[in-house]
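Visitor: sequence first, predicted coordinates after that:
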Amino acid sequence: MSKQLFANEKVVTQYLGALLSDDVPAKDLEPVAKLLEQVAYEEQKEQPLQVESVVEPVVEVEKCHEQVTNVEIDSHQVQQLETEHDVALGNEAEYFDGEFQALFFEVAGLTLAVPLKALGGIHELGEVNHLFGKPKWFKGVMINREEKLNVVDTARWVMPEKYDEQLEASLNYQYLITLGDSQWGLLAEKLINNITLSKEDVKWRTNDSKRPWLAGVIKEKMCALIDVNNLNALLEKGLDSRHK
């Protein structure tokens, strides 16, 4: 599988539209993913962003403990979780209020965008210390100014149906894009540009029950706009893009 930019608008529309739809099962994305492999690459001439180098990473990293799952919670905890969820939705709405700026970046030929207000930082990729017992998409921990950043293999997380050994070998990650105030970061091969968008530029997700990490699809650019709060929530639970 060669690494290609999704330049064919019809095929990209089909793929991203399927991601937005609640009626399309994950297995039905596989034929579309195969079509994307055949699309020719046409590089867009965009101004690259300036990125500061990170501090030399420290080799020794403390091992993280596995998260506890299937715990019982009482009604007070449920109410607290619902309140936190409502606050998160309110904060997310602020990112997209009126005009907003988004950072565009590329992973395995797919262009993704994250709102600048939800962006934690951009770092050149340093040494990653691998941890045992973590999901396959969890690459490990990178140290930046004494802070431990959790490194996510973006291609494996976003497009598990396309991920194979050949795609893995073709990836050339250069940057780590951290999300909000969290320690989670998405790996990126290429930074494209900052672009100002309005709500009308986006085909928004219509149902929160499926692929909550996807806020919508930016129509002109044909790329996925990330819902940072929901993405962070999935990462904290150890779930990939196929879960809700």
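Guide: Ah, there it is.
Visitor: where does pLDDT dip in the chain?
Guide: Low-confidence segments of the chain, defined by pLDDT under 70: 1-96, 208-209, 243-244.
Visitor: show me where it has its strands.
Guide: Secondary structure of the chain, counting by DSSP state E: strands at 100-107, 110-115, 119-124, 128-129, 138-144, 147-152, 175-179, 184-188, 190-197, 202-204, 214-218, 223-226.
Visitor: of all those, which one is nearest residue 161?
Guide: Closest approach to residue 161 among these (CB to CB): strand 110-115, 12.3 Å. For glycine as for every other residue, the C-beta is placed from the backbone atoms N, C-alpha and C.
Visitor: ok, the closest one: who's next to it in the sheet?
Guide: strand 100-107 (antiparallel), strand 223-226 (parallel) (DSSP bridges).
Visitor: what about residue 97, neighbour count?
Guide: By the criterion of other CB atoms under 10 Å, residue 97 has 9 neighbours.
Visitor: ok so, going back, need the winner for burial among the strands paired with strand 110-115.
Guide: When the strands paired with strand 110-115 are scored by mean count of other CB atoms under 10 Å, the highest mean neighbour count falls to strand 223-226 (a mean of 24).
Visitor: just the CA coordinates for that one, please, in PDB.
Guide: Backbone C-alpha positions of strand 223-226 (Å, rounded to 0.1, in the frame of the first residue of the first chain) are rendered in PDB as follows:
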ATOM      1  CA  CYS A 223     -10.600  16.500   5.500                       C
ATOM      2  CA  ALA A 224     -11.700  15.400   8.900                       C
ATOM      3  CA  LEU A 225     -12.200  18.000  11.700                       C
ATOM      4  CA  ILE A 226     -11.300  16.500  15.100                       C
END
